[in-house]
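Peer 1: here are the coordinates; sequence isn't available:
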């Protein structure tokens with residue numbers, strides 16, 4: 001692969017969109033470079049369930065002709081732009097497996113809202129990215145597709161459950177990807193793979209899950225290598241859907257244009273080094289401390305460390321998701337993988353809980369989580385915290401996560417990497433993960449930036465300002 005081709009593979013979507021309209025580069029040229037790179041590198045990474053190589057080439061040819069014959073003003077903003085879609089998201093006419101051997105040959109007839117809107121904007125579906133079965137693990141491993149490797153060190157996990165999307169972005173397989181997140185599944189793999197992942201406010205983008213229309217935690221959202229690309233995608237997919245009962249009202253916000261002159265000067269920024277949920281690896285803590293210093297000394301924010309007191313994250317996770325998981329299995333006629341200890345405990349706990357027990361979790365513990373963050377945002381515009389307690393760890397196998405974090409034994413290895421992302425999701429706040437440095441081993445560290453309810457604009461502007469003040473997103477993995 002030539003240096004010029006590699007530059008095309010790592011070009012942002014915003015730059016490709018401009019270059020296509022200026023006829024400086026063609027969609028066919030970009031698609032060819034991406035498919036060549038995928039052929040060379042993906043065997044090391046294993047980021048795709050389904051790759052639409054022939055179809056994507058044909059659609060790139062069609063887009064190239066459109067830029068020659070049509071007025072660019074009449075073309076969709078993503079015309080010719082390759083997009084990768086997590087395989088939990090349905091794509092009409094294209095295999096969608098949900099990471100499950102039971103659905104290995106399933107071809108849906110309906111697009112999920114996020115993909116329908118991207119397609120309407122002209123995007124080309126490059127492929128479906130790997131996910132653990134039904135997104136039920138924090139690492140991207142499944143019986144159907146095997147193990148997805150981290151491009152920064154293929155002996156380590158890419159995280160989950162949007163690990164395929166994060167790994168593909170980091171490896172230079174495409175500029176944009178979709179993810180889904182109920183407790184960290186966009187932000188965790190973004191942190192581990194050194195990319196940008198936005199968990200929007202619930203209802204900002206229609207989720208499209210008929211079995212759980214009132215789910216106020218699970219979201220779909222954009223993943224990319226730059227904050228601008230995440231904002232670009234968000235502008236195209238946000239907005240209400242008549243089938244979504246919690247959808248937020250339509251907004252005129254053009255999230256990309258709102259990044260112009262992005263600044264946090266004068267904003268009040270809270271910092272929590274561990275959310276009161278230790279342990280945190282020393283190099284992760286150091287990365288967050290450096291990032292906070294940039295916000296204060298270089299970007300002009302008023303930074304203050306705060307204390308947070310949250311319910312036990314492991315007990316909450318098990319008691320909250322256990323009964324809901326059982327209900328979904330029953331509704332969809334499924335039997336989820338019960339190989340891990342935590343999934344077994346979730347199943348057992350769900351069967352033993354009374355209706356009153358479950359109500360205490362939803363209206364007691366979840367309310368306590370919300371109050372803890374509400375107290376922070378009563379006096380601050382933003383909250384900085386680690387995305388993950390650790391960096392990408394070696395492939396865990398059966399435990400599903402690290403046996404130790406910062407030298408301390410893990411209570412539930414499978415849940416460790418969501419310890420800093422779960423609570424803010426259940427409180428309903430938007431949050432983004434951006435790269436904030438590397439360990440001495442060259443592994444990415446993620447900074448999580450959260451903002452007030454429904455305030456994606458402020459967190460995107462803060463992330464863009466921080467990105468512009470640093471060089472972390474310009475570093476590429478050594479593949």
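Peer 2: Received, thanks. Computed from a prediction, not measured in an experiment: that's the story for all the values here.

Peer 1: Burial check on the nearest residue to residue 90 once chain neighbours are set aside, number of neighbours?
Peer 2: Counting by C-beta to C-beta, 6 or more residues apart in numbering, residue 108 is the residue found nearest to residue 90 once chain neighbours are left out, at 4.1 Å. Bear in mind the C-beta positions are built from the backbone N, C-alpha and C, glycine included. Look at residue 108: counted by other C-beta atoms under 10 Å, it has 15 neighbours.

Peer 1: same deal with the one 5 residues further on?
Peer 2: Look at residue 113: counted by other C-beta under 10 Å, it has 22 neighbours.

Peer 1: Skip the chain neighbours and tell me the closest residue to it.
Peer 2: In this structure, residue 113 finds its nearest non-sequential neighbour in residue 206, 3.8 Å apart by C-beta to C-beta, 6+ apart.

Peer 1: Kindly provide the distance from the one you found to residue 76.
Peer 2: Distance of residue 206 to residue 76, computed by C-beta to C-beta, to the nearest Å: 19 Å.

Peer 1: likewise residue 162?
Peer 2: From residue 162 to residue 76 the distance is 24 Å (C-beta to C-beta).

Peer 1: what helices or strands is the helix or strand encompassing residue 350 leaning on?
Peer 2: Using DSSP states H and E, residue 350 sits within helix 341-352. On a contact count with 3 or more C-beta pairs under 8 Å, 6 or more residues apart in numbering; DSSP states H and E, helix 341-352 meets helix 313-332.

Peer 1: does residue 277 really touch residue 420, like I thought?
Peer 2: Yes. Between residue 277 and residue 420 a contact is recorded at 6.9 Å, counting by C-beta atoms under 8 Å.

Peer 1: and residue 193, what are its phi and psi?
Peer 2: Per-residue torsions, residue 193: phi -100, psi 0 (degrees, to the nearest 10).

Peer 1: tally of neighbours for it?
Peer 2: Neighbour count for residue 193, taken as other C-beta under 10 Å: 35.

Peer 1: Kindly provide the distance from the residue located most distally from the centre of the chain to residue 424.
Peer 2: In the chain, counting by C-alpha atoms, centre = their mean, residue 69 sits farthest out from the average C-alpha position, at 36.5 Å. Distance, residue 69 to residue 424, using C-beta to C-beta: 48 Å.

Peer 1: burial count for residue 121?
Peer 2: 19.

Peer 1: Ramachandran coordinates for it?
Peer 2: Main-chain dihedrals, residue 121, degrees, to the nearest 10: phi -80, psi 0.

Peer 1: Surely it is in contact with residue 83?
Peer 2: No. Applying C-beta under 8 Å, one finds residue 121 not in contact with residue 83, separated by 9.3 Å.

Peer 1: that older thread, more neighbours, residue 162 and residue 76?
Peer 2: Shown here are residue 162 and residue 76; by other C-beta under 10 Å, residue 162 has more neighbours (36 against 17).

Peer 1: what's near enough to touch that one?
Peer 2: By C-beta atoms under 8 Å, 6 or more residues apart in numbering, the contact set of residue 162 is 86, 129, 131, 140, 177-181, 185-186, 189-190, 197, 223.

Peer 1: Checking residue 454 next. Helix, strand or coil?
Peer 2: The three-state assignment at residue 454 reads coil, by DSSP: H, G, I helix; E, B strand; the rest coil.

Peer 1: quick one, what contacts it?
Peer 2: Residue 454 neighbours (C-beta under 8 Å, 6+ apart): 201, 204, 248, 430.

Peer 1: Recalculate using a threshold of 10 Å.
Peer 2: Contact analysis of residue 454 by C-beta atoms under 10 Å, 6 or more residues apart in numbering lists 200, 201, 202, 203, 204, 248, 249, 251, 428, 429, 430.

Peer 1: re earlier: pull the residues that contact the helix holding residue 350.
Peer 2: 136-138, 314-315, 317-327, 329, 336-338, 340, 357-358, 398-401, 411-415.

Peer 1: on contacts alone, who are the packing partners of the helix or strand following that helix?
Peer 2: Note on helix 341-352: by DSSP H and E, the next helix or strand toward the C-terminus is helix 355-360. When contacts are defined as 3 or more C-beta pairs under 10 Å, 6 or more residues apart in numbering; DSSP states H and E, helix 355-360 sits against helix 313-332, helix 341-352.

Peer 1: For the shortest one, buried residues please.
Peer 2: Buried residues in helix 341-352, defined by neighbour count with 16 or more other C-beta atoms under 10 Å: 342, 343, 346, 347, 349, 350.

Peer 1: Compute the mean per-residue pLDDT across the helix holding residue 350, please.
Peer 2: The average pLDDT within helix 341-352 is 86.
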